[in-house]
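Participant: structure here, sequence nowhere to be found:
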Ligand code: BJW
């Protein structure tokens, strides 16, 4: 039975109405990356960074999983072999579609991290008002549980093991601009996996894939899942 490792990025949530990062209408538009997605930015201007993430957390209430999330959830339910969905996304659309084997390597909007006691707490509201940490009671110490530039992504040991063991590596909706995720295809390929990219356009790392399918994820992913499930 094949072991499947799927990497997803912002492109898989684009058809749900969440902006991707790069490009003319990208999330960074109006913000410099280093003003909102680095620990230094948070130290310099916590109000700006909290407001940026509060707005994105609130936006989650307005969007729904799309056909690509639902297809991956179906694959997760029906695939009897090993499978892991490693997502760079901080939204919860994979889970809301029903997927269970999901690893959020860049953190989650709906989680808060206490800098005083290190606890991580499920969080739906804003953090701008400096609420108290439910674990230790300290006010004003919660930050978004997001992996910023220069910080170590979550789950790297588990991901690296899965990359070495994968028979099939599939990358969906990511530009290949951010490491270490951008290098996963090479690790998987050198370890012997077949590699497939599904993206609106060839990514920066498309040369490393055995096969590249270009088009919207909401259209291409359901068809690919049907192929894998043998329909
Ligand atoms: C569609 C579509 C549709 C649209 N259907 N497709 C020099 C060389 C190598 C590395 C470095 C370097 N200098 C610095 C580094 C490290 C740095 C890095 O990579 N920097 C780059 C700028 C070069 N990386 C880090 O600092 C990371 N940590 C780290 O490296 O720790 C050290 C270490 C780790 C492991 C081993 C050893 C050491 C941390 C990176 C944290 C990234 N954080 C962000 C922001 C926080 C999350 C948030 O606010 O939401 O995560 S950056 C941002 O980019 C976000 C995303 O997860 C990430 C990737 O973006 P993604 O998902 O690819 O989105 P886009 O917009 O770029 O692309 C979307 C794609 O979809 C496009 O191709 C579209 O065409 C496509 N598309 N519609 C299908 N309908």
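Facilitator: Looks like it came in fine. Note that the coordinates shown come from a computational prediction; the quantities given were computed from them, not determined experimentally.
Participant: can you pull out the strands in this protein?
Facilitator: Counting by DSSP state E, the chain has strands at residues 4-8, 83-87, 102-104, 107-114, 120-122, 142-146, 168-172, 194-199, 211-214.
Participant: can I get the ones you listed in CSV with mean pLDDT and distance to the ligand?
Facilitator: Where C-beta positions appear, they are placed from N, C-alpha and C, glycine not excepted. Listed next are the strands of the chain as CSV, based on pLDDT from 0 to 100; distance: least, Cβ to the nearest ligand atom, whole Å:
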stretch, mean pLDDT, distance to the ligand
strand 4-8, 98, 8
strand 83-87, 99, 8
strand 102-104, 98, 10
strand 107-114, 98, 7
strand 120-122, 98, 16
strand 142-146, 98, 5
strand 168-172, 98, 7
strand 194-199, 98, 5
strand 211-214, 98, 8
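Participant: okay, those in CSV with mean neighbour count next?
Facilitator: Listed next are the strands of the chain as CSV, based on neighbours: other Cβ atoms under 10 Å:
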stretch, mean neighbour count
strand 4-8, 25
strand 83-87, 25
strand 102-104, 20
strand 107-114, 21
strand 120-122, 13
strand 142-146, 22
strand 168-172, 25
strand 194-199, 22
strand 211-214, 14
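Participant: and the pLDDT at the residue of the chain found nearest the ligand?
Facilitator: The ligand sits closest to residue 11 of the chain, with a gap of 2.3 Å, by Cβ to the nearest ligand atom. Predicted confidence (pLDDT) for residue 11: 97.
Participant: residues near it, how many?
Facilitator: By other Cβ atoms under 10 Å, 24 other residues sit near residue 11.
Participant: just the one 5 residues further on next, same as before
Facilitator: Neighbourhood size, residue 16 [other Cβ under 10 Å]: 20.
Participant: cool, residue 200 as well?
Facilitator: Residue 200: 16 neighbours (other Cβ under 10 Å).
Participant: and residue 174, what is it in contact with?
Facilitator: 7, 8, 9, 10, 11, 88, 181, 182, 199, 203 (Cβ atoms under 8 Å, 6 or more residues apart in numbering).
Participant: which of these sits closest to residue 62?
Facilitator: Nearest to residue 62, judged by Cβ to Cβ, of the contacts of residue 174 is residue 10 at 16.6 Å.
Participant: ok, that closest one touching residue 17?
Facilitator: No: checked against Cβ atoms under 8 Å, the pair residue 10 and residue 17 is beyond contact range at 11.9 Å.
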